[in-house]
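>>> can't give you the sequence, but here's the structure:
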DNA sequence: CTGAAAGCGCTTACAG
DNA sequence: CTGAAAGCGCTTACAG
């Protein structure tokens, strides 16, 4: 509850040019100038022009803080992500920024580094700036109750990317979800169409919602093809390159070993590819690999990585638009869940035809 | 001069909890509560505790807009970059964000997409939020005069990455520069140490300040080794992968052809590597290549690309710190130019041994 | 250590 | 189409 960092308390700084100065400069009242500023049709063109000339002459800059205070409501939207340096979130943020700018809103940014405590601190700090809305990609293990404590009830909130632990706790909040299930299904169907039958799901932690959903899509596609995945084909590991490389061997411990794997994400897929070559197998030739995310490296890997893309920039734009609709009050009353479609990008890593199985479709 | 996007003008919203409510709640004056909020030592511990309990009870959230208005000075810092989706700027922004958060400041973000007009609009919009300072990576061909028009004279400004056209126009603004010259010098020295003598400078446009500086470092190192670069070794092309691949042939038109190239940046280097293999040469074996930037792809290219890194995240932290020092008034009066050191990352692409020349050092 | 009063720069009814 | 007045939520001397 400290609000320390005192902004430089104006020493001998020259006085700021205010709306009153502009009004005085053209012999009008502040009210009239205010109307001009906000584009009101109540002011006649000639007056408007005079005011605008005076604004330019004096170098007046609108003080949105004062305006927001009076009108109760700012034109800032807060965005909180886990890590800006993650290309997925960077693209997402770029999309949000673009859509907000277009609508005349401004972006307040914070990042959590996946720490619920930092998330709380960041949201508190941003909330003090009275944003018109909040877009939040929650840190892992976020406590919805804590989030509610810092996010006022009347503030429109859009949760992105990760569902909150207890869905009911997010009642009233919109949710923009990636279509993890469908993406994994598409990837699995692609491998099935290429003739694979023994397909593993490789990497990720089962208890993460995204991993769970992707596994769900995988199971769906397998079931639809009349296949029951061997439990040994579901291999957990931390979603990093290094861990994936280390666990590659786990694919080949049972005898009818899988000929292909859907990976939790691209980092895992790339790690798996190195792990495979360390074992004398080559992705795209001896073993088929599909990732998830379509990170920039996917296209330039050797071989290029087939993967599932979710257009993060478009997500960002969609998120901003949804939230602005809420701010303007022209969104339906009930909270919404929007699902962003996932698309398959076929590249060389999934071209392999399994040796022991039939001809690809 | 329109300020259209009216925030939802508070319909039947419940009234906001204010400092006055908290004061009333514990039978104190607003002044006292304000002192508690700002951590003043003037209030005794028992009173402070009472206030804090009441704050929690009522769910009061500090209204920084009102405070900033009264105190004249916000705790927001504006950051304007060309493109957030560019990993270099994303890392930079992440660094700025981290350093600001640590100091209790908040980040206002905008992006220009390299358009001076959008830059002007974005800065205008951000300036209306009365930031304590601005960190600006200027769009190409920015007009310093226009920038001055929208950025008040009393606002601390830090220019990053790209020098403004007329240096004198940026008088009073700090500048955080990449050490392009030293980076290119290091890269050139590295190739010289490996025995190369005929070293090209490949890609980029001469009239860009960064290209000019990198060429300067290259020339310096060559001169220090007693070498005069053949003008035919200075090859211009747009700094993209595709253009670089197209221009690869230009390296081999003269007879004592270069055995190595310093590239303007990593995109150019990667393009050159494809261009080389299209001509039956392989980077790292028949020809040595060094890039600039250390983009994530550099490490996973085939062969991995030797390059010059500038730690964008650390740049971001440094930029934020410098700017905060200005805000607090504890920076030296005169504007400063800080140069971020460049570091060489040696990888396989520069392993080639020059054929016609002696043994590498 | 605490209270009463003025004021930051804007907007908003309300009159005219 | 324009003006006088009140007020958004806070901080800051100034007294006590």
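Here it is on my side, so go on. A quick note: this is a predicted structure, and the numbers were derived from the prediction, not measured. Residues are numbered from 1 along each chain as shown, chains lettered A, B, ... in the order given.

>>> close to chain B: what parts of the stretch 251-361 of chain A are there?
A:270, A:296, A:297, A:300, A:301, A:302, A:313, A:327, A:328, A:329 (C-beta under 8 Å from any C-beta of the partner chain). Where C-beta positions appear, they are placed from N, C-alpha and C, glycine not excepted.

>>> would you reformat these as TSV and include pLDDT?
Output for these, formatted as TSV (pLDDT from 0 to 100):
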residue	pLDDT
A:270	91
A:296	74
A:297	76
A:300	72
A:301	76
A:302	76
A:313	92
A:327	92
A:328	88
A:329	83
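
>>> helices - which of the residues you listed land there?
Among those, the ones falling in helices (DSSP state H) are A:270, A:296, A:297, A:300, A:313, A:327, A:328.

>>> what sits against the third one?
Residues touching residue A:297, when contacts are defined by C-beta atoms under 8 Å, 6 or more residues apart in numbering or on different chains, comprise A:266, A:270, A:305, B:296, B:297, B:300.

>>> for it, give its distance to DNA strand D.
Counting by C-beta to the nearest atom of the strand, to the nearest Å, the separation of residue A:297 from DNA strand D is 47 Å.

>>> between the two ends of stretch A:289-298, how far is it?
Stretch A:289-298 has an end-to-end distance of 12 Å (C-alpha to C-alpha, to the nearest Å).

>>> same question, stretch A:131-139
Using C-alpha to C-alpha, one end of stretch A:131-139 lies 20 Å from the other.

>>> any idea of the mean pLDDT in it?
Averaging pLDDT along stretch A:131-139 yields 95.

>>> from the middle of its chain, how far away would it be?
11 Å (C-alpha atoms, centre = their mean, to the nearest Å).

>>> who's in contact with residue A:288?
Contacts of residue A:288 by C-beta under 8 Å, 6+ apart are A:191, A:194, A:196, A:259, A:260, A:261, A:306, A:349, A:350, A:351, A:352, A:354.

>>> returning to that earlier point: who wins on neighbours among the contacts of residue A:297?
Comparing those by number of neighbours (other C-beta atoms under 10 Å in any protein chain shown), residue A:305 comes first, having 29 neighbours.

>>> returning to that earlier point: want to throw the contacts of residue A:297 into JSON lines with distance to residue B:219?
Output for the contacts of residue A:297, formatted as JSON lines (distance: C-beta to C-beta, whole Å):
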{"residue": "A:266", "distance to residue B:219": "41"}
{"residue": "A:270", "distance to residue B:219": "39"}
{"residue": "A:305", "distance to residue B:219": "40"}
{"residue": "B:296", "distance to residue B:219": "30"}
{"residue": "B:297", "distance to residue B:219": "28"}
{"residue": "B:300", "distance to residue B:219": "31"}
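
>>> tell me which two of those residues sit farthest apart.
A:305 and B:296 (14.2 Å; C-beta to C-beta).

>>> what's next to stretch A:154-164, contact-wise?
With C-beta under 8 Å, 6+ apart, stretch A:154-164 has contacts from A:92, A:127, A:131-138, A:140, A:142, A:144, A:147, A:151, A:170, A:172-178, A:209-210, A:315, A:319, A:322-323, A:326-327, B:13-14.

>>> among the residues you listed, which are in reach of DNA strand D?
Applying C-beta under 7 Å from any atom of the strand to the contacts of stretch A:154-164, one finds that nothing falls near DNA strand D.

>>> please indicate which of the residues you listed are buried?
The neighbour count (16 or more other C-beta atoms under 10 Å in any protein chain shown) marks A:92, A:127, A:131-138, A:140, A:142, A:144, A:147, A:151, A:170, A:173-178, A:210, A:315, A:319, A:322-323, A:326-327 as buried among the contacts of stretch A:154-164.

>>> next SSE after the worst-scoring helix or strand of chain A on mean pLDDT?
Lowest on mean pLDDT, DSSP states H and E among the helices and strands of chain A sits helix A:296-300, with a mean of 77. Counting by DSSP states H and E, the next helix or strand C-terminal to helix A:296-300 is strand A:307-309.

>>> residue A:227: how many residues sit nearby?
16.

>>> once you drop chain neighbours, what's closest to residue A:125?
Computed as C-beta to C-beta, 6 or more residues apart in numbering or on different chains, the closest residue to residue A:125 that is not its neighbour in sequence is residue B:106, at 5.7 Å.

>>> which residues does the closest residue to residue A:264 other than its chain neighbours contact?
Sequence neighbours aside, residue A:204 is the residue nearest to residue A:264 in space, at 3.1 Å (criterion: C-beta to C-beta, 6+ apart). Residue A:204 makes contact with A:210, A:211, A:214, A:215, A:236, A:237, A:239, A:264, A:265, A:268, according to C-beta under 8 Å, 6+ apart.

>>> can you add pLDDT and secondary structure and give those residues back as a markdown table?
Below are the contacts of residue A:204 laid out as a markdown table (pLDDT from 0 to 100; DSSP: H, G, I helix; E, B strand; the rest coil):
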| residue | pLDDT | secondary structure |
| --- | --- | --- |
| A:210 | 87 | helix |
| A:211 | 93 | helix |
| A:214 | 96 | helix |
| A:215 | 97 | helix |
| A:236 | 96 | coil |
| A:237 | 94 | strand |
| A:239 | 88 | coil |
| A:264 | 96 | coil |
| A:265 | 94 | coil |
| A:268 | 94 | helix |
